[in-house]
Every structure is written in structure tokens, then in C-alpha cells.
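[1] Sequence first, then the predicted structure:
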Amino acid sequence: MPATRRRALVAIAAAGGVAGCTDLLSTGESDDTSPADRRVDASYEPGDGEWIRSSRSFANDLVSTTARPPRDEPNERWSAGDRGSVLDIAVVDGRCYVANDEALVARDAETGEVVWRHELAENNLLRTFLEVEGTVYYTADGDLHGLHADTGDRRWTVGGEDRYGTLALADGTLHWTTTETHRLLEPEGGSRPTARSAIPLDGYESRVRPSEPAVVDGSIALGGWPYRSGSAPIRSLSRRGTIWSRPFEPYVPTPAMVGNRLLATGYDNDSNALDESTVASFDLETGDPHWETTVPEPVGQPAVADGMIYTGGSYPSESATETGHLFALEIETGEIRWEIDTDGAFAGHPLALVDDVVVLGTRTGVIVLE
């Protein structure tokens, strides 16, 4: 199998304060804190040419420094049909993790053999996961869970504030974002992570359910969507607190950061039409806008490489043609270089930028464009 196809198949899925944080982490009893034979170091990062999950890395950085995907309208290299309700996928150190609406499954990345399967509690929805220092962390219904990396057995659970929580891992620090707080934690092997600091997330009438945080060179970018109607903010944070925050769209996926730019996408998920999205560039330090472009489709998070932003999606049930679109925009100007029809996606297209291709997840399978 060609290297690009092999990497593509594993890169994408088709379908309050420190004291309060410390108290939260100390609740409950541990089941299994024994050391794991398998150990992914806290400094783990994918290689420059890798895109290991839909957000590229556990830091959710969404940017490839080496990929050179097509700048002009692409052609299809190959496609593969698929079915199923896969929520996310990641390939780490010889293991493939697949999250669906019932379980988190660990498989051998070479053979596909199931290593373990961790069933989710009934009506729980896994939001995000990652692996570090012998523990697999995941959030479901706002709680933070730790699993033994060798067996998938429960180590511990930390109660969250509500139904929503997301994760990132960058520079050895675990970031746990909930509707009210962004926490910085230190992984502790099989034990609960240690609280380091907490940044309150407030200033909006409706609490915001977070998308996965993007963490790059000490900068933290947050999106989300509100509990009630209204716009969600884009937030720019540092470890010391919020730098700036501004309303954007009602639904804002994880932003990307490139140089002095924060690149965001968003659309009105409360609208009956669901017929357009905003793609925008902001100054990372001040929040001042560089440009804003409207595209005629609800789109997902951006994927960035070689001066271009790739984003796309749809809600097929709301579309007369049951199709979607993929767009390529210039980072400097926001100009749309090309757009193509796709089979659509249930919200945003999962994307990976690998070598000279765009790997595109749709509601019907995987397509590689060159």
C-alpha cells in the first residue's frame, strides 16, 4: 500500500482558581494506578509529516509545516467507501484508537487486532481523548476519566462541572477545558493529574460549551457554542489568563494559529437554513480582524498548510442535493482559490494534509485529493 494511502487511512475518520481545581481532582477513589508497560512520553508530538488525528495532534494545532497540498483545484487520487458512527481516530506509537458512540477501542495499528475495548456508560458521549505516561485520558459528560494504557481498565474519574469538557496535550501539560474553566494539569502516570493553574472562562450571558483547545507555543485558542441562542466567542489565552475574547458565530470549531494569526471558522447552528459559514483571520495578540470571508456551506475546523486554509462540510439532511463542499482559501487575503463538491459530512469535514494531498472524510468514506 502506498505510504500516503497508509497514512491517510489512519489519519482520518469517515464519518474557579487553583484551590477549587485541586479540590476537584482529589475526589473519588482510584481503581488501578499501577504502572503500565506501554508508555507514551508527555513530550510526544507527531512528526512534521504526520497528521495523526482530525485535529492533527494532541495539541490540536491543525497546521502542517511540511505538507504541500494542491493550491489549485485538485483531482481525486483514490477513494474508499465506509460506514459507521466513528467520532474520532488517532494513531500513536503503533496503536490505533477509535472512538465511537459506544466505546473507546484500542487496536494494534499494524494488524487491526483489538487490544482492549472500554465501554462507555449508557448515554455518555465521549468528547475527546489522548494518551500520555501510561494513561489514556478521555472526557465524557464533562467528567475526566483515566484508563490503564495496557488494559483499558478504569484508573480514576474526576467529576466535571457539566456535560462538556475537552482536552489538549502540549509541552508536557494537560489542558482540560470545560464551560467555566480552562485547567492546566501535570500528568502523573497512573495517578490523577496534578493541578497547576486554572483560568476562569466568563463574560458571556450564556455558558459556552468548548470545542477542543488549540495550544501552540504557549498560546491557547478556544471556540465553542452557547447553551442558549447567541454568538460564541473566540478566546485567546496564555497560561496567565485571557488575552482577548470576542463574539464570532453561534458555533465555532477549534481555531488554528499560524504566526501572528488566529484562523477561525464558524456558522449559525441555530439557523434553519444552515447555508453559510464565516472564515476569518484575527491578530493573535490583539484580536483585531485581518479579513473575513463568507462561504456558502456550514464548515468545520480549518486545516492549514503552505499558506492555505482548507475547510468544508455540510448538513446533508438540510441540503436539497445532499452534498457538501470543500474550500481552499489564501491565508493572507481570505480569497477563495477553489471550491469543489463533495459527498457532504454531518457538520465539518475531517481533514488531514499529508505530503502533497488533502485527505477528506465524508459521510460516505475517505477521498484523497491531489
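    Noted; the coordinates are in hand. Residues are numbered from 1 along each chain as shown.

[2] The residue nearest to Val304 when sequence neighbours are not counted and Val91, how far apart?
    The shortest distance from Val304 to any non-neighbouring residue, by C-beta to C-beta, 6 or more residues apart in numbering, is to Val63 (4.5 Å). C-betas here are computed from N, CA, C, even on glycine. Remark: distance between Val63 and Val91 (C-beta to C-beta, to the nearest Å) = 19 Å.

[3] Over to Arg196?
    Distance, Arg196 to Val91, using C-beta to C-beta: 29 Å.

[4] Settle it for me: which of the two has more neighbours?
    Ranked by neighbour count (other C-beta atoms under 10 Å), Arg196 and Val91 place Val91 first, with 20 against 15.

[5] Give the bridge partners for the more buried one, please.
    Listed beta-bridge partners, Val91: Cys96 (assigned using DSSP bridges).

[6] how about the host helix or strand of Thr157: buried residues?
    Using DSSP states H and E, Thr157 sits within strand 154-158. By neighbour count with 16 or more other C-beta atoms under 10 Å, strand 154-158 contains the buried residues 155-158.

[7] thinking again about what came up before, and the pLDDT for the residue nearest to Val304?
    At Val63, the model reports a pLDDT of 96.

[8] which intervals of the protein have sub-threshold pLDDT?
    Low-confidence segments of the chain, defined by pLDDT under 70: 1-30, 81-86, 161-162, 205, 271-274, 316-322.

[9] Spell out the residue ranges of the helices in it.
    For the chain, the helices defined by DSSP state H occupy 3-11, 18-25.

[10] chain center to the strand holding Thr157: distance?
    With C-alpha atoms, centre = their mean, to the nearest Å as the basis, strand 154-158 stands 22 Å off its chain's centre.

[11] Stretch 50-57 now?
    Remark: stretch 50-57 is offset 9 Å from the chain centroid, using C-alpha atoms, centre = their mean.

[12] Between the two ends of that stretch, how far is it?
    Stretch 50-57 has an end-to-end distance of 9 Å (C-alpha to C-alpha, to the nearest Å).

[13] got it, and stretch 110-120?
    First-to-last residue span, stretch 110-120, C-alpha to C-alpha: 25 Å.

[14] cool, and stretch 42-57?
    This stretch, stretch 42-57, spans 13 Å end to end (C-alpha to C-alpha).

[15] got the contact list for that stretch?
    Contacts to stretch 42-57, defined as C-beta atoms under 8 Å, 6 or more residues apart in numbering, come from residues 7, 10-13, 58-59, 61-67, 88-93, 132-133, 169, 171-172, 187, 212, 214, 254, 301, 303, 350-355, 359, 361.

[16] Buried ones among these?
    The neighbour count (16+ other C-beta under 10 Å) marks 7, 10-13, 58-59, 61-64, 67, 88-92, 132-133, 169, 187, 212, 214, 254, 301, 303, 350-355, 359, 361 as buried among the contacts of stretch 42-57.

[17] pretty sure Val279 contacts Pro302?
    Yes - using C-beta atoms under 8 Å, Val279 makes contact with Pro302 at a distance of 7.2 Å.

[18] intersection of neighbour lists for these two?
    Counting by C-beta under 8 Å, 6+ apart, the residues touching both Val279 and Pro302 are 263-265, 309, 311.

[19] By neighbours, which of those wins?
    The residue in these with the most neighbours, by other C-beta under 10 Å, is Thr265 (31 neighbours).
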